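A.B. asks: Pasting the sequence and the predicted coordinates here, then a few questions.
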Amino acid sequence: MTAAIVAVCGAVGFGVAFMRSSSQPSSEVADFRATMTANFAAQCFQAARTSSPAEVADAKLHSFCNCTATRVNTALSDADVKVLAEQERKGVTAPPALLMDKAKPIAAICRSEAGLAG
């Protein structure tokens with residue numbers, strides 16, 4: 001389940017990040033990072049809420065999603081961010097392997113820290 005949530009978030013957060021940051025020419029990397037992190041966290045919460053039992057508290061899901069989004073952002077180098085932006089420019093719509101390779105282990109750690117089972 002964690003991998004599926006991360007895949008959805010990665011694809012959506014990644015795509016929307018470039019579209020928003022491209023309209024702001026200054027500091028493309030910083031803009032991309034900020035937008036990607038916010039979008040990743042928001043999409044993660046929506047996917048997690050949909051796929052989690054009703055008794056799982058929203059606070060736990062937000063904790064998991066915010067943790068994952070923030071740590072993925074930190075794990076990406078500026079060079080990684082430039083590669084992701086270039087993939088977006090080329091029309092890549094699937095979650096990039098570069099993002100997924102970093103996000104999956106981080107999501108597992110954040111899931112545990114948020115107190116989510118499985």
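C.D. replies: Received it, and whenever you're ready, just let me know what you need.
A.B. asks: in stretch 47-65, what's buried?
C.D. replies: 47, 48, 52, 56, 61, 62, 63, 64, 65 (16 or more other Cβ atoms under 10 Å). Bear in mind the C-beta positions are built from the backbone N, C-alpha and C, glycine included.
A.B. asks: List the contacts of the last one.
C.D. replies: For residue 65, the residues meeting the contact criterion (Cβ atoms under 8 Å, 6 or more residues apart in numbering) are 9, 40, 41, 42, 44, 45, 48, 110.
A.B. asks: Now do the phi/psi pair for the residue in the chain sticking out farthest from the centre.
C.D. replies: Relative to the centre of the chain, the most outlying C-alpha is that of residue 55, 24.1 Å out, by Cα atoms, centre = their mean. Backbone torsions for residue 55, taken as degrees, to the nearest 10, come to phi -70, psi -10.
A.B. asks: Weed out the non-buried ones from the contacts of residue 65.
C.D. replies: Applying 16+ other Cβ under 10 Å to these flags 9, 40, 41, 42, 44, 45, 48, 110 as buried.
A.B. asks: Please report how far the fifth one lies from residue 56.
C.D. replies: Pointing back at residue 44 there. Note on residue 44: its distance to residue 56, by Cβ to Cβ, to the nearest Å, is 14 Å.
A.B. asks: And the helix or strand containing residue 105, what does it pack against?
C.D. replies: Element membership of residue 105, judged by DSSP states H and E, is helix 97-113. Under the contact criterion of 3 or more Cβ pairs under 8 Å, 6 or more residues apart in numbering; DSSP states H and E, helix 97-113 touches helix 2-21, helix 58-75, helix 78-89.
A.B. asks: report the angle between the axes of the shortest one and helix 97-113?
C.D. replies: Orientation check (axes from the mean of the first three to the mean of the last three Cα atoms, to 10 degrees): helix 78-89 against helix 97-113 gives 110 degrees.
A.B. asks: Report how many residues lie close to residue 92.
C.D. replies: Neighbour count of residue 92, defined by other Cβ atoms under 10 Å: 15.
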